[in-house]
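J.: need the 3D shape of this:
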Amino acid sequence: MTDLTRRSANGGRRVRTPQYLAERMLSVGRSSVSENKIATVLFADVAGSTALIRDLNAEDADRILGPSVEIMATVVHRYEGAVREEGDGIMASFGAPIAHEDHAVRACNAALDIQEAIRRHAAEVRRDFGLLLQVRIGVNSGPVVVRVESQEGDFIDLRMQGTPINIA
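T.: Presented below is the predicted three-dimensional model:
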């Protein structure tokens with residue numbers, strides 16, 4: 001496990017938010033009340049991850065999936081998106097809790113950069129394990145309800161709801 005993630009109490013991976021970004025999110029988004037915002041949501045995950053890792057031991061599976069999630073999160077943070085780890089992928093929000101007029105453009109650029117970065121990681125996975133790693137990405141914009149629910153250091157628990165999330 002790298003410096004970008006750590007295990008939560010239930011054993012799942014949690015994504016670390018860069019400090020400057022965590023501070024901005026908390027300054028605008030920490031509230032006991034949810035806010036309605038127009039945002040762009042990006043989902044990215046490893047396609048067919050269960051089948052991909054079924055014959056691997058847990059350590060090797062983590063050597064494939066862990067870096068995949070970290071790559072996705074790092075790219076999203078570069079575009080000032082908020083990340084929530086979702087198993088073998090991420091849910092990212094652009095435009096909430098930090099407002100950006102160009103949130104959709106940021107999300108699309110992040111999606112393209114994720115594809116490129118994962119391509120390099122997939123080449124390593126192919127070389128080391130003989131497996132074909134692929135990522136699928138969905139993006140959608142619209143009204144969402146967002147709340148920064150808690151913070152533990154620079155691990156932020158972001159909660160979002162809305163139709164764009166389901167569509168993405």
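J.: what number of residues lie near the closest residue to I167 other than its chain neighbours?
T.: Closest residue to I167 apart from its sequence neighbours, by Cβ to Cβ, 6 or more residues apart in numbering: N140 at 4.2 Å. In this view, the C-beta of every residue, glycine as well, is placed from N, C-alpha and C. Neighbour count of N140, defined by other Cβ atoms under 10 Å: 19.
J.: do the one 5 residues further on as well
T.: Per other Cβ under 10 Å, the neighbour tally for V145 reads 16.
J.: per-residue pLDDT, it?
T.: What the model reports for V145 is a pLDDT of 85.
J.: and it, that's in a strand?
T.: Yes - under DSSP: H, G, I helix; E, B strand; the rest coil, V145 falls within a strand.
J.: could you report the distance from it to N166?
T.: Separation of V145 from N166 (Cβ to Cβ, to the nearest Å): 13 Å.
J.: what do you get for A99?
T.: Between A99 and N166 the computed distance is 22 Å (Cβ to Cβ).
J.: and what of A104?
T.: For A104, the distance to N166 (Cβ to Cβ) stands at 17 Å.
J.: those strands in the chain, which residues are they?
T.: 5-7, 13-15, 35-46, 82-86, 89-94, 135-152, 155-161 (DSSP state E).
J.: distance to L56 for those - can I get that in a markdown table?
T.: Below are these laid out as a markdown table (distance: least, Cβ to Cβ, whole Å):
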| stretch | distance to L56 |
| --- | --- |
| strand 5-7 | 19 |
| strand 13-15 | 17 |
| strand 35-46 | 13 |
| strand 82-86 | 20 |
| strand 89-94 | 18 |
| strand 135-152 | 18 |
| strand 155-161 | 27 |
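J.: for L65, which of those strands is the nearest?
T.: strand 35-46 (6.2 Å; Cβ to Cβ).
J.: the closest one vs strand 89-94, what angle?
T.: For strand 35-46 against strand 89-94, the angle by axes from the mean of the first three to the mean of the last three Cα atoms, to 10 degrees is 150 degrees.
J.: pLDDT on strand 35-46, on average?
T.: Strand 35-46 comes out with an average pLDDT of 91.
J.: which neighbouring elements make contact with that strand?
T.: If contacts are counted by 3 or more Cβ pairs under 8 Å, 6 or more residues apart in numbering; DSSP states H and E, strand 35-46 sits against helix 58-78, strand 89-94, helix 103-129, strand 135-152, helix 163-167.
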